[in-house]
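1. for reference, the sequence and a predicted model appear below.
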Amino acid sequence: MNRIFKSFAVIALGLAGAATFTSCEDYLDKEPSSDISDETPFKDFTNMQGYIEEIYNCIPDKVKCYWTTSWNLGDDEISTPQAEAERTMQTQVDIGNFYAWQNNAQFWFAADRKNPTSLNLHDRRFYGNAWYCIAKTNLAIDKIDEYFVGTKEEKDILLGQLYFFRGWWHFEMMQFLGGLPYVNKTLSSGESPRLPRLSYLECADSVALDLKRAAELLPMNWDETTPGKKTFGKNELRLTKITALAYLGKNYLWAASPLMQHGAQTGGAHTYDYDQELARLAADAFGEVIDFVEKGKTQYELAKFDYTNVYDHQKSSGVEYSYSELFYTSRRNWLQPGGKEAILRGPTVAWNFTRWNYSRTFGPYEICERDPHFHLPTANYVANYGMANGLPLDDPDSGFDKKHPFKNRDPRFYHDIIFDGVKYINGEAKGNDAKFKYAGLATGGSGRDIANGSRTGYWMQKLVPHTANKIDGEDEYDKNPNAYVPYMRLADVYLMYAEACAVLNGPSGKSSKCDLTSIDAINRLRDRVGCGHVSTKFSGNSYMDEVRRERAVELAFEGFRFHDLQRWLLLTEPKYTRKTSQEFLRVSGADESFFAENDPAEAEVAEFREEEILTRNFDSKHYWFPLLRDDTYIYAEFEQNPGW
């Protein structure tokens, strides 16, 4: 007990200086004692909140947990060939080596590098910290009635956080590993655990119970509570009623999904077969969140997609939080990204982890100057970005023209994707650097070197603007850069609500908790970016395809695609195992003068086609990661996942 209390005291004080989560200092203002009694961590709100702060600190930063990282494991991204030698998690998944998760330092979920007291982002990984944090929640829940002295409001807030975290750490592990033992009691030291490994659905039932309790106990806004007044204006990373309801809905939707209902299998025959009752429960939880938001009863809201120059992520005057600032901020005094749309984030540190080696892993090596590992959007995935009229590219009424493939696309395409002819360097590019002034991403172009450029015909800039390069320097220290990808944001709630309601009754499906239908929820997000509404021609399975495509576009490169393909029973299917490049020849802009005077979206090309880079050879065992072998040796009931 002494070690646990001393560790949370140290971490809370340290976070105050190093991270956005500055309010921890106010909860712990004394030196950790060397002779702490069993009751000390739980005796009042100040001490117990400090105890909980260590759990917040254990949340990994998915994109900055190492010098270079992997977080997109689906069909959405491919790395440079050098990264294969470096054994990045994304490349290991490509070759089917799912065991690599267990000790891959570049992967946020890895089992190694667990240090709950460290302020170094490189010391935070999910799996090892998960069991530690679950044990902390159980101990605190057991002790609160025995030792805590305080108001009912204080006790509710403390218990709400503990119940949420117990459910959340289990849920995040379940997404990768399937059903697990659900640890909801304190195990005494020396006790040999014999908890049975539950099915995914049994685990989801336990998660739901904890998240329901959390939703009942947590406040809507900490700043409006008496305990929260002490840290007024610094509570934006803390758990709220909205956080708990949103994850309650996600837990139900995942449980309702085809994989969890029909088991791991190839062929995709059950991809549209969800559990109706679980989908209804999911819709109701999401519906409560959306109803609060739509009626202005919560602090959460969608960020603005309003730009004077979308290619450079230059937001319009008067916009407080832009869409780009969900993921990256600069010139805002190290402000952590996410704004009022982020629902769950962990604490993070700023410039040194942003600048090295994250912010410059999205563009050509010669301009970005970092380790030769960078993130490239696959052509097959970029094809999800439809047309400005809202239709998918392959719809006969979409207006998509292979001679002008970048014209009239979904506005998010121009925000997220660097395509041929986009002005990549705004400053003065001299010598060899001049060839990157305009992105040369046509076949054989200046940016298509496989080792140091793009092997797919695209670069991405959704998460970090292309101006984070050695010439424009938008990620240099004096610009105060900070990067973070939230675990959940409000747009995801609208998307998950749309999916759950589509299960119930297609486009017109809705929850009694909310006025919006499924199609209304999708159109809210399209209205935000100025994209056409979902066509009324889609119904049944074709409508669900549109819901899924919207999810692919809105949440692109945020680390969700693998789990979506997994739960939809599509991970093994040919359309989603191929990674392709975009090949074409320039017609306009052969000498680049065209791009100096015209919007690159207007360029004409020839021979526009995809070519295969690789195909993943997956079978049914790849729907789940293998458990740690050491864990399966603890007791016989903790069985390994099938096929591993």
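-> Ah, there it is.
2. in a helix, residue 308, correct?
-> No. Counting by DSSP: H, G, I helix; E, B strand; the rest coil, residue 308 is not part of a helix but strand.
3. what residues go with each domain of this protein?
-> Split into domains by automatic domain parsing, the chain comes to 2-65+108-239, 307-333+349-483+573-617.
4. need those domains in CSV with mean neighbour count, distance to residue 76 and mean pLDDT, can you?
-> Yep, even glycine has a C-beta here, placed from its N, CA and C like the rest. Shown next, in CSV, are the domains of the chain (neighbours: other CB atoms under 10 Å; distance: least, CB to CB, whole Å; pLDDT from 0 to 100):
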stretch, mean neighbour count, distance to residue 76, mean pLDDT
domain 2-65+108-239, 19, 14, 84
domain 307-333+349-483+573-617, 19, 4, 95
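5. tell me which of those lies nearest to residue 268.
-> Closest to residue 268 of the domains of the chain is domain 307-333+349-483+573-617 (CB to CB; 4.7 Å).
6. got the end-to-end distance for the closest one?
-> End-to-end distance of domain 307-333+349-483+573-617 (CA to CA, to the nearest Å): 42 Å.
7. next: stretch 465-482.
-> 12 Å.
8. repeat for stretch 380-391
-> 17 Å.
9. just how off-centre is that stretch within its chain?
-> Relative to the chain's own centre, stretch 380-391 is displaced by 21 Å; criterion: CA atoms, centre = their mean, to the nearest Å.
10. on that earlier part again, so which of the domains of the chain is nearest residue 294?
-> domain 2-65+108-239 (14.6 Å).
11. what segments of the stretch 401-550 of the chain are strands?
-> Assigned by DSSP state E, counting those that start in this stretch, the stretch 401-550 of the chain shows strands spanning 417-418, 459-460, 482-483, 488-489.
12. mind putting the ones you listed in TSV, distance to residue 627 included?
-> Below are these laid out as TSV (distance: least, CB to CB, whole Å):
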stretch	distance to residue 627
strand 417-418	37
strand 459-460	33
strand 482-483	32
strand 488-489	26
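13. quick one, longest strand in this structure?
-> Identified as the longest strand of the chain according to DSSP state E is strand 605-615.
14. pull it out as PDB, backbone CA atoms only.
-> Provided in PDB are the C-alpha atoms of strand 605-615 (Å, rounded to 0.1, in the frame of the first residue of the first chain):
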ATOM      1  CA  VAL A 605      -4.700  12.800 -65.600                       C
ATOM      2  CA  ALA A 606      -4.600   9.700 -67.800                       C
ATOM      3  CA  GLU A 607      -4.500   5.900 -67.100                       C
ATOM      4  CA  PHE A 608      -5.900   6.300 -63.600                       C
ATOM      5  CA  ARG A 609      -5.800   2.800 -61.900                       C
ATOM      6  CA  GLU A 610      -4.900   0.900 -58.800                       C
ATOM      7  CA  GLU A 611      -2.000  -1.600 -58.600                       C
ATOM      8  CA  GLU A 612      -1.600  -4.100 -55.800                       C
ATOM      9  CA  ILE A 613       1.300  -3.700 -53.400                       C
ATOM     10  CA  LEU A 614       0.500  -6.600 -51.100                       C
ATOM     11  CA  THR A 615      -2.200  -8.900 -50.000                       C
END
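15. adjacent strands (with direction) for it?
-> strand 578-586 (antiparallel) (DSSP bridges).
16. residue 146 in helix, strand or coil?
-> Three-state call for residue 146 (three-state DSSP): helix.
17. one step back: ok, residues contacting the longest strand of the chain?
-> In this structure, residues lying in contact with strand 605-615 by CB atoms under 8 Å, 6 or more residues apart in numbering are 78, 94, 378-380, 383, 402-405, 420, 442-443, 455-456, 574, 577-588.
18. residue 293 against residue 301, yeah?
-> Yes. Counting by CB atoms under 8 Å, residue 301 is a contact partner of residue 293 at 6.6 Å.
19. what sits against residue 96?
-> Residue 96 sits in contact with 616, 617, 618, 622, where contact means CB under 8 Å, 6+ apart.
20. mind checking which helix or strand the second one is in?
-> It refers to residue 617. Using DSSP states H and E, residue 617 is not contained in any helix or strand.
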